[in-house]
Every structure is written in structure tokens, then in C-alpha cells.
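[1] Return atomic coordinates for the entry below.
(one chain, ligands or ions: 1)
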Amino acid sequence: MKHKEQKPLHRKITYSDLEVLKLHKYAFFTPPKILTLLMLVGLSTISQAELVVTEASIHLGPMSKIPSAGYLTIQNKSQNEISIQALSSDHFEKVEWHETVISTDGIAKMRMKKTPVIPALSKVVLKRGGKHLMLYQPSKQIETKSEIDLVFKLSSGMQQSFPVKIHRHKKPHNH
Ligand SMILES: [Cu+2]
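    Numbers count the residues shown, from 1 in each chain. Sure thing, here's the model as predicted:
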């Protein structure tokens, strides 16, 4: 599904900015303090270059028993591969990453991938019929066209949260 507005959906929680603020409280900038400050600024610059998520949408299952499907584009603009250690949302009991596997008898099956990897300088597209997210048991009332947050816990230890638009399911998601 295409959206008219495709703003970047990149948002994250970063603690190093807080540390920099704390440092500013020390009025006297001795050389070691300046050095520490520069290192912290440098670190937060590096951490900006993690995953960029765009075109994120969830297609709600027709009933809460039926899992919802999530589609999005993830870009890794850094020089390092990044793996996603955990996926979560306040609005769903469980979020999983699924990939299509062709079994020996030629039948396509969905398999859960525990720690998906986004290779360095590359883009991974989750779309209908391919890789996708599966979201189980909506824990709160979710309204169509609203936005909820999904959270990735990354291999760097950073948590990255991004908004995802909710759509009413059209076709059932087949497994
Ligand atoms: Cu699936």
C-alpha cells in the first residue's frame, strides 16, 4: 500500500545527549573535560547513523485472534551490520519477524527469524508476500488510521522507536 506522505520515521532514544547537558553544568572547562565533551559529541554523531525506517504500516487482522501483518522499509546507512535483537510494541502482546522459506517439497512457508540482520549500507524491504512482521494479540483498542510505536532493540544496545500507521486488513495474511 502506498501513502501520499512519506516522511522519514526515524526517532530514537539516546542517552548521550543527556550526558552532554550534564557536562554543561560544569562552568569550568578544563582540558580533560573538553576532551570528554568532544568524545560524547562524537559518540552521539556515530549513533545517529543507525536504522532509518520508512513506509511503516500495520494491516490489522479482522479479529484479535488473527495476527496482524507489518510492512516497512529499513535502511542501514552505517558501515556496520546491525541486528535486531528484539521487537516490541505497547499495543501488541508479541511482535515477530517472519521470512519465507521454500521447503524441499517446493511449498513456501513462513519462518520466524529471531535476530534479523540489516547488512551495512543496505536496505531491507518488508512487504506482502515477502519478509514481514507478525503482530499478535492487540493489547489495547487500536484505531484505523492512527499511529502506534514499534520498538527495535538493536545489537548496539540502543533502542529505536518509530511510528507505524494502522490500516484495516483487506486480504487475509496467509501462512
Ligand atoms: Cu508471518
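[2] what's the neighbour count on the residue of the chain found nearest the ion?
    Across the chain, no residue is closer to the ion than H98, which sits at 3.5 Å (C-beta to the ion). C-betas here are computed from N, CA, C, even on glycine. Look at H98: counted by other C-beta atoms under 10 Å, it has 22 neighbours.
[3] I'd say it and M112 touch.
    Yes: if you go by C-beta atoms under 8 Å, H98 and M112 touch, sitting 5.9 Å apart.
[4] Overlap in contacts, those two.
    Common contacts of H98 and M112, defined by C-beta atoms under 8 Å, 6 or more residues apart in numbering, comprise M134.
[5] Now do the helices in this structure.
    16-25, 31-48 (DSSP state H).
[6] could you list every residue that touches I58?
    Here I58 is in contact with 68-71, 133, 135, 148, 164-167 (C-beta under 8 Å, 6+ apart).
[7] how near is it to V117?
    23 Å (C-beta to C-beta, to the nearest Å).
[8] Over to H132?
    16 Å.
[9] Of the two, which one has the most company?
    Just comparing H132 and V117: by other C-beta under 10 Å the higher neighbour count belongs to H132, 21 against 14.
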